[in-house]
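Engineer: coords please:
(one chain, ligands or ions: 1)
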Amino acid sequence: MAVKDKGEFFDELEIMPTEARAKYLNQQLSQTVAHAYHHAPATREIFDKAGVSPEQIRSIKDLEKLPIIRKTDLIERQKKNPPYGGFLTIPLEDIDRVFLSPGPIYEPIQHAGIKWFAKAFWAAGFRKGDVVVNTFTYHLSPAGILFHEAIRDCGATAVPMGTGNTELQIQTMRDLKVTGFVGTPSFLMTLIQRAEEMGYNFRQDFALRRAWFTGEPLAPSLRKTFEGNYQIDTYQAYAVTETGGALAYECRQKSGMHLMDEYVIEVVDPATGKQLGPGEVGEVVVTPVHNKVWGLVRFGTGDLSSYTIEPCPCGRTASRLSGIMGRASDAVKVRGMFVVARQTEQVCFSFAQISRYQIVVRRPEQRDEMTLKVELKGQAAEEEKTKLASALSQKFQDVCRLRPDRIDFVEKGAIPEEQPRIIDERTWE
Ligand SMILES: [Zn+2]
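Structural biologist: Below is the predicted model of the structure:
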């Protein structure tokens, strides 16, 4: 869809009447399911095993007949049947690009399918004349290039900043008179604080007026700081990399995130897979119905949320997700990146000296902080520990694409055996 001046709405799907939406989504769902069943061997296998034919999936409610596909299933299937685990529905040579998510999970994308992200940026007010830094990584992760293109689809200028080098980011934002920021809330706060340490008055010396966040929840207190102290208008979206991007986005009302019509989104009881009603907290389960490349039907995100069907004053008619309340599984998002328990095992147990470890995620001062606690098999001198810590940190970066903020060597027995590998102690107040 080409961008002209659209006014408030990016596309007509956003303002579909409720019954029309139900009909539209059910139709899209039937087509997607039939296509996936006939082209993706893994999807066919899952349906056959559940004793469900694609013709039986005619409405969103019918999805309850099918099992939920977990991130771990996807990882296992890709490992057994590389590279796409039997979920690819098109010939290999028709893939436009491949992303890599922690797991690892390979995600094939067809270019034609990605335009709709622009809706989320459009609703946040990005327009021609804006200069926007995208501070998500452009390496392997979809957040770099897909958001970049969405910014362009809104007519704004996109600066592919990527992550890292805080001073360079600040200098670029100042030199280019950047008006928009795309990234995580904590990273924007880091940039503002650093700029102030460098002697700038952020409000006066920078042109930044709009920020679009995903990857971590925007704490209400932090939003207040951005909007009140710095006059930066903030918006958040909910994105899931395995299903090709942003699923829900805030409008100017900023009270919940409108669901995108390019996905069928359920909120279910994670134990039973049964769909829950408005206001009930459950796991977000996604079936992309626009990106037919990927035969994922009922992907369990592991994220907990609820939804409301109350009409929104903005005029958009889609239900709204309340925000993400936590994780249902053993993978945890730290500064926008998933840290998967299995990958942390791979890292830590590649060092023979380590007998046990635990990761604790906290959130002091509105920034995720990951501490790695390590128990050693024997005694080690300080010098050895320093060496080991540095090697561990590097290996974490290589495998999980994130470094622990701290590595603590703890006494033998300090980490109880029955405790999980990852403990999430964050609160989002
Ligand atoms: Zn709205």
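Engineer: ok and the residue in the stretch 1-150 of the chain nearest the ion?
Structural biologist: Proximity of the stretch 1-150 of the chain to the ion (C-beta to the ion) peaks at residue 123, 7.7 Å away. Bear in mind the C-beta positions are built from the backbone N, C-alpha and C, glycine included.
Engineer: ok, that residue - contacts?
Structural biologist: Taking C-beta atoms under 8 Å, 6 or more residues apart in numbering as the contact definition, residue 123 lies against 10, 235, 249-252, 258, 314, 316.
Engineer: for those, could you give me a markdown table that also reports secondary structure and pLDDT?
Structural biologist: Output for the contacts of residue 123, formatted as a markdown table (DSSP: H, G, I helix; E, B strand; the rest coil; pLDDT from 0 to 100):
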| residue | secondary structure | pLDDT |
| --- | --- | --- |
| 10 | coil | 91 |
| 235 | strand | 98 |
| 249 | strand | 97 |
| 250 | strand | 97 |
| 251 | coil | 97 |
| 252 | coil | 95 |
| 258 | strand | 97 |
| 314 | coil | 96 |
| 316 | coil | 97 |
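Engineer: among the residues you listed, name the buried ones.
Structural biologist: Neighbour-count burial (16 or more other C-beta atoms under 10 Å) applied to these gives 10, 235, 249-251, 258, 314, 316.
Engineer: what parts of the stretch 251-400 of the chain come near the ion?
Structural biologist: By the rule C-beta under 5 Å from the ion, the part of the stretch 251-400 of the chain lying against the ion is 251, 253, 312, 314, 316.
Engineer: max pairwise distance over the residues you listed: which two?
Structural biologist: The largest separation in these, counting by C-beta to C-beta, is between 253 and 316 at 9.0 Å.
Engineer: what about stretch 223-239, start to end distance?
Structural biologist: The separation between the terminal residues of stretch 223-239, taken as C-alpha to C-alpha, to the nearest Å, is 19 Å.
Engineer: what do you get for stretch 91-102?
Structural biologist: 24 Å.
Engineer: and it, average pLDDT?
Structural biologist: Computed over stretch 91-102, the mean pLDDT rounds to 90.
Engineer: what does that stretch rub up against?
Structural biologist: With contact meaning C-beta under 8 Å, 6+ apart, stretch 91-102 is reached by 83, 88, 106-112, 140-142, 145, 241-242, 293, 331, 337-340, 343, 400-401.
Engineer: in PyMOL, select just the buried ones from these.
Structural biologist: Here is the PyMOL command that selects the buried residues among the contacts of stretch 91-102 (16+ other C-beta under 10 Å):
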select buried, resi 88+106+107+108+109+110+140+141+142+145+241+242+293+331+337+338+339+340+343+400+401
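Engineer: what helix or strand does the nearest residue to residue 323 once chain neighbours are set aside sit in?
Structural biologist: Nearest-residue entry for residue 323: residue 217, 6.0 Å, with adjacent residues in sequence omitted and distances by C-beta to C-beta, 6 or more residues apart in numbering. Assigned by DSSP states H and E, residue 217 belongs to no helix or strand.
Engineer: re the thing from before, I'd like the buried ones among the contacts of residue 123 written out as TSV, with distance to residue 45 added.
Structural biologist: Output for the buried ones among the contacts of residue 123, formatted as TSV (distance: C-beta to C-beta, whole Å):
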residue	distance to residue 45
10	37
235	40
249	34
250	38
251	40
258	34
314	42
316	38
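Engineer: now do the buried residues in stretch 360-380.
Structural biologist: Judged by neighbour count using 16+ other C-beta under 10 Å, the buried positions of stretch 360-380 are 360-361, 363, 366-376.
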